[in-house]
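In: Next one to model:
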Amino acid sequence: MKRKLFYLTPLLLALFIFASNFMDTGLFKFGDLNFAVWFILSVFCFACGWLINNTLGWRFGGRIVFSVIVSTTILSVILITVFKDYFGSSELLTENLILYSLRNVTLGCMAFFGMTFSELLVLQKENGKHKLRIESYEQLIMDARKEAELEIKEAKLQAEKIIFEAESQARKFQDKKEKLERDLKEFIQTEKELIQKYEEK
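Out: Alright, predicted model coming up:
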């Protein structure tokens, strides 16, 4: 039901575009109220485009706005052709058809402008969120790098400590070995001397 209500906005846009056909052709005569009415219609079309983008989305809403522009322009051409006396003299029929068609397209472009503006705001919000995520990921990466560097330093210190302990152990064993060799040589020397003394007797 709510989705169906969203389609009322394109109908409202079509009504605003079609209503522009009943305005005077001298739109920009500042002495009249024509320009103010044209400006208000443009603002309403802009608002309709904004709502269409927020409710129906950029792609689907864009197709609908385009179809509204085409259908209202065709309907306006038929209306102006049938009631050519109301919309101006029949001699200026081609000129009037072009003028009113351009009005419809201009108001439709205002709706597209509203859609674009709305989409830009949405994309900016998403871009801001992505930037925050990227910054947080970069911070996590930096923290992980610092932590990894600390762990590497700690591992290096541990490795140096293990190497130092191993070297000191190796020196101790070397010293013991050398002492044993000296003791063994002394023992052998003592044995030789004892054997010689024994033989001399």
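In: longest helix in the chain, by residue count?
Out: The longest helix of the chain (DSSP state H) is helix 93-200.
In: starting at the chain centroid, how far to that one?
Out: Remark: helix 93-200 is offset 28 Å from the chain centroid, using CA atoms, centre = their mean, to the nearest Å.
In: Check which helices and strands it is in contact with.
Out: helix 8-19, helix 34-56, helix 58-82 (3 or more CB pairs under 8 Å, 6 or more residues apart in numbering; DSSP states H and E). Backbone N, C-alpha and C define where each C-beta goes, glycine included.
In: Residue 145 - how many residues pack around it?
Out: Neighbourhood size, residue 145 [other CB atoms under 10 Å]: 10.
In: should've said residue 54
Out: Neighbours around residue 54, by other CB under 10 Å: 18.
In: where does it land on pLDDT?
Out: Looking at residue 54, its pLDDT stands at 88.
In: For the residue lying closest to it once chain neighbours are set aside, list the residues it contacts.
Out: The shortest distance from residue 54 to any non-neighbouring residue, by CB to CB, 6 or more residues apart in numbering, is to residue 118 (5.9 Å). Residue 118 sits next to 49-50, 53-54 when contact means CB atoms under 8 Å, 6 or more residues apart in numbering.
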